[in-house]
Every structure is written in C-alpha cells, then in structure tokens.
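Visitor: Would you be able to build a 3D model of this:
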Amino acid sequence: MGGNQTWVTEFILMGFQLSADMEVLLFWVCLLFYAFGLLANGTILGLICLDLRLHTPMYFFLSHLAVIDMSYASNNVPNMLVNLLNQKRTISFVPCIMQTFLYLAFAHTECLILVVMSYDRFVAICHPLQYTGIMSWRVCTVLAVTSWTCGFILALVHAMLLLRLPFCGPQKVNQLFCEILSVLKLACADPWINQVVILAACVFVLVGPLCLVLVSYTSILWTILKIQSKEGRIKAFSTCSSHLCVVGLFFGTAMVVYMVPDYSQRKEQEKMLSLFYSLFNPMLNPLIYSLRNAQVKGALYRALQKRM
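Guide: Now for the predicted structure:
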C-alpha cells in the first residue's frame, strides 16, 4: 500500500435513492412495522413465560426465536430509520463492524434454532411415546445453548477476518446497513479468505440445516399420511405447518442473498430483501405462529381474561 493513502474511519450507507417525501413515507412505514414486530414478539415471549401450558420444548424454542427476531431487528432498523431522516448517513468503522457481527450472529443462530425446532416436531410426531424422554429440558437447554454459541462464534470469525482487511476508500456502502458482502467490496486488499469462509458458513448454516429440515419433514409427512383418522392428520400437520412457513421465508431469502450469482440489477433487489429480513420477517414469525396456533391464541385469551 502507498504511504499517502487515507484509511477509512467511517462509511456512508447509501440506502434507497428516493425523493425526500418518499423517504419520510418509508420512515413511517418502517417505524410502524418495527414497532409492531417488537410488540408481537414481546407478546409471544410474555405469553410463553407466564402461561404454564406453554412450558413445553416447542414453545421454549419459539421463545428463543422471538428473542432473536427482536434483537436482529433492533440491530439494523433504528440506524436505518435515522438514515431515512438524516442526509449524512454516516457510520463509524467500529460500529459498522459491530453491526455486521451482530447481524451475522443473530442470523446464524436463527438458522440453527429453526433446525432444532424441526427436530422437535420430528420427535413429537414420529416418536410420540419417547418424546418426553428424548426432548428433556436438559437436551433442550443444550440444543439452545449450542445454537447460540455456534452462531456467535461463526460471526466472530467473520468479524475478525473483516478487521484484518485494509479499507482506504471508497466509503460508500451500497446497502441499508453494514451487510458483510457490501462492506467486503470496499476493501483495498483481496478478500478471498473472507469469501471462502462465507461460502463455508453458507454450507454450514444454510445448505446443511435446510437439508436436515427437509429430511425431518419428509419423515413427518410420511408419518402423518399413515395416521388413520382425518382429524388426526389435520392436527398433526397443523403443528408443523407454521414452522414450515417460517423456514421457507427465512431460508429462501437467505439463499437468494448469499448463494445466487451476482448480476447488474441485483443490488436493489438485495436491499429489498434486506428490508424484508429486518422488518417483515420478525413481524411475520409471531403472526404465523399465533394465527395458526390454537394454544397461543388460547394463552392470549386467558391472559386478556385475567386482565379484565
């Protein structure tokens, strides 16, 4: 590197190229969705903590998913909202790396928690008599702690490899927040090690887990089809359909962003997917689980009755 180069101390988050009126409108829409997502996930988390009927492995993992969704959204959205009203849109180097680290940590952890939830449904439907013994509270705790630990260790590896790269300009991150692929494009050195690690992480937390989920649900579907009564089949499938919706939304979006080849018009689509990931996915998860789940609706009804 030349000695007259100026090292980057802050980045500029480009975001969407919109008019001032459209940015104000987008601000209020994003604020509304963000607040609703926090409220919905907070409500589910509160119901699971307060209602003893929801103290089961399935809802134990659902509570972790709610915490992840609230944390993931809170890592990205507040800064995004400020940038919609602030034309400067700068973020210092260290907060940018921290935002990248937390974004990856929560995303990796959610992947692994969704796999654990699919395993829980597999045991509940395919091995109902052994369910209590297999999914003991000790096993559930180990699975949850392992998911969080692996997610944060993987994110820490990404962050450390990012810190070793020199950034000497340009400063403009063509994203809504400090997303790792967008930040890597600004490095002055060849980030091939980072790209290899990202590919390996995609295999570990996207392709591998998705394959496990598909294997679990293939076994679940086969077991459901062998149930004699129509009511039994409907009840068994209803316990899994909510989780399948969430898995489809989460893994589908992630694989489009990180595993589809780059092309000229892709950046604006990535921004839309990032917005979906940060705002709509955390909001949709509790809606899917609450609207399609009689136990959650029952817990909410009982909680409202106690209030009244």
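Visitor: looking at this, residue 176 is in a strand?
Guide: No. Residue 176: not assigned to a strand; according to DSSP: H, G, I helix; E, B strand; the rest coil it is coil.
Visitor: where along the stretch 51-200 of the chain do the helices fall?
Guide: 57-85, 93-126, 131-134, 137-163, 180-184, 192-202 (DSSP state H, counting those that start in this stretch).
Visitor: Would you reformat those helices as CSV and include mean pLDDT?
Guide: Output for the helices of the stretch 51-200 of the chain, formatted as CSV (pLDDT from 0 to 100):
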stretch, mean pLDDT
helix 57-85, 89
helix 93-126, 90
helix 131-134, 90
helix 137-163, 94
helix 180-184, 86
helix 192-202, 89
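Visitor: Of all those helices, which one is nearest residue 297?
Guide: Nearest to residue 297 among these is helix 57-85 (13.2 Å), distances taken as Cβ to Cβ. Bear in mind the C-beta positions are built from the backbone N, C-alpha and C, glycine included.
Visitor: by contact count, what packs against the closest one?
Guide: Contacts defined by 3 or more Cβ pairs under 8 Å, 6 or more residues apart in numbering; DSSP states H and E place helix 57-85 against helix 20-50, helix 93-126, helix 137-163, helix 281-291.
Visitor: Centre of the chain to that helix, how far?
Guide: 8 Å (Cα atoms, centre = their mean, to the nearest Å).
Visitor: tilt between that helix and helix 137-163?
Guide: 30 degrees (axes from the mean of the first three to the mean of the last three Cα atoms, to 10 degrees).
Visitor: hmm, who's touching the strand or helix carrying residue 303?
Guide: In this assignment (DSSP states H and E), residue 303 forms part of helix 294-307. Here helix 294-307 makes contact (Cβ atoms under 8 Å, 6 or more residues apart in numbering) with 43-44, 46-48, 50-51, 53-54, 59, 289-291.
Visitor: Recalculate using a threshold of 7 Å.
Guide: 44, 47, 50-51, 53-54, 289-290 (Cβ atoms under 7 Å, 6 or more residues apart in numbering).
Visitor: Out of the helices of the stretch 51-200 of the chain, which gets nearest to residue 11?
Guide: Of all these, helix 93-126 sits nearest to residue 11, with 5.3 Å by Cβ to Cβ.
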